[in-house]
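J.: Kindly generate the corresponding structure for this input.
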Amino acid sequence: MKPNHLPREVARQLGPYYVYALVDPRNDTIFYVGKGTGARLLAHGKAADLTAPGTGQTAKQRLIREIRSTGFEPRIDVIRHGLTEAQALLVEASLIDSLGNLTNIVAGHGAGVGRRPLDEYTQRYGARLVSPNAPPVLLVRLGEWTDRDMTMQRGYKRRGHGYRTGMTDRELLDSTRGWWRVSPASVERKGIEHAAAVHEGITRAVMTIGKWHQRTDGRRAFDAELITSGVLHKAWVGAHGKRVVLPTGAQSPVIYWPFK
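T.: So this is what the prediction gives:
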């Protein structure tokens, strides 16, 4: 990663913006991708030097220090240069999407239109608006997938929660059915017997609501069975999921359908 200085003429020729990679010389693996201008690409080594060992280090800084402890120095590769800032953002995002095991903390610019399986984009752009006459359901909004073991019932744990492409039916059911601040009495009073999982405004599954379970903190989960065909599935999922436009300002992850 040294030298510690980038000649002004070199920086001028690389600019106005460039995209670079930090490479582990022990195996030629890229572990960080960034965009920069001027001498930005030299800053990572200095940051690692100034960061004392401990919990405050980033994964990138820890790896730089590890490489140096073995007598090597991370290599800096310039991927593309002579770019506008907009071009650099796109190149950076494309590389972050394509390369695995990076130490980047933040996803690349425009992550919402980045690398995803075609099926995901088919669902996102092919989903039709749910009919206002669709049967009543409990809409459960799922965030991005998080790996975290959590007890669902005595003797049974789920291994994560949220939504991710390629998740199993069991993972989707377990993510949807708990744990929420919701009143079973209100669900029953509204005549709701089913729940629909929603991620990024698109329904991903519809299921029955069975027996309720309550934790000591008051949050609840329900037993569920996936519905994969029939009138209810057609109304709420169909071939590509259904698009749900939530009320303005809706914050709760659990919402009753139809809306008031």
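J.: quick one, strands of this structure?
T.: Here the chain has its strands, by DSSP state E, at 17-24, 29-36, 75-83, 128-129, 137-141, 146-153, 156-161, 194-199, 202-208, 212-214, 220-222, 226-227, 242-243, 254-257.
J.: what is the mean pLDDT for the longest one?
T.: Taken as a whole, strand 75-83 carries a mean pLDDT of 93.
J.: ok, now the last one?
T.: What strand 254-257 shows for mean pLDDT is 96.
J.: tally of neighbours for Thr208?
T.: 14 (other CB atoms under 10 Å). (Each C-beta comes from the backbone N, C-alpha and C, glycine too.)
J.: do the one 3 residues further on as well
T.: The local packing count at Lys211 equals 10, with neighbours defined by other CB under 10 Å.
J.: Distance of it relative to Ile255?
T.: Between Lys211 and Ile255 the distance is 22 Å, computed by CB to CB, to the nearest Å.
J.: Ok, Thr176 next?
T.: Taking CB to CB, one finds Thr176 at 13 Å from Ile255.
J.: neighbour-wise, which of these two wins?
T.: Taking neighbours as other CB under 10 Å, Thr176 and Ile255 compare with Thr176 leading, 27 against 19.
J.: residues in contact with that one?
T.: Going by CB atoms under 8 Å, 6 or more residues apart in numbering, Thr176 touches Val140, Leu142, Ala195, Ala197, Ala205, Met207, Ala224.
J.: For Trp145, give me the backbone phi and psi.
T.: phi -60, psi 140 (degrees, to the nearest 10).
J.: Based on its surroundings, how many neighbours for the closest residue to it other than its chain neighbours?
T.: Closest residue to Trp145 apart from its sequence neighbours, by CB to CB, 6 or more residues apart in numbering: Arg164 at 3.5 Å. When neighbours are defined as other CB under 10 Å, Arg164 has 15 of them.
J.: and what of Thr103?
T.: Neighbour tally, Thr103, other CB under 10 Å: 17.
J.: Same question for Pro258.
T.: Neighbours of Pro258 using other CB under 10 Å come to 11.
J.: give the contact list for it.
T.: Pro132, Ala134, Pro136.
J.: can I assume the last one is in contact with Glu188?
T.: By that I understand Pro136. No: assessed by CB atoms under 8 Å, Pro136 is found out of contact with Glu188, at 11.3 Å.
J.: can you give me the helices in the chain?
T.: Per DSSP state H, the chain carries helices over the ranges 8-14, 43-50, 59-69, 85-98, 118-126, 169-177, 184-189, 231-236.
J.: Okay, and the beta partners of the closest residue to Ala205 other than its chain neighbours?
T.: Excluding the flanking residues, the one nearest Ala205 by CB to CB, 6+ apart is Ala197, at 4.6 Å. On the basis of DSSP bridges, Ala197 is bridged to Val140, Ala205.
J.: mind listing what Ala197 touches?
T.: Val140, Leu142, Tyr163, Leu172, Ser175, Thr176, Thr203, Arg204, Ala205, Val206, Met207.
J.: Since that was my last question, I'll sign off now.
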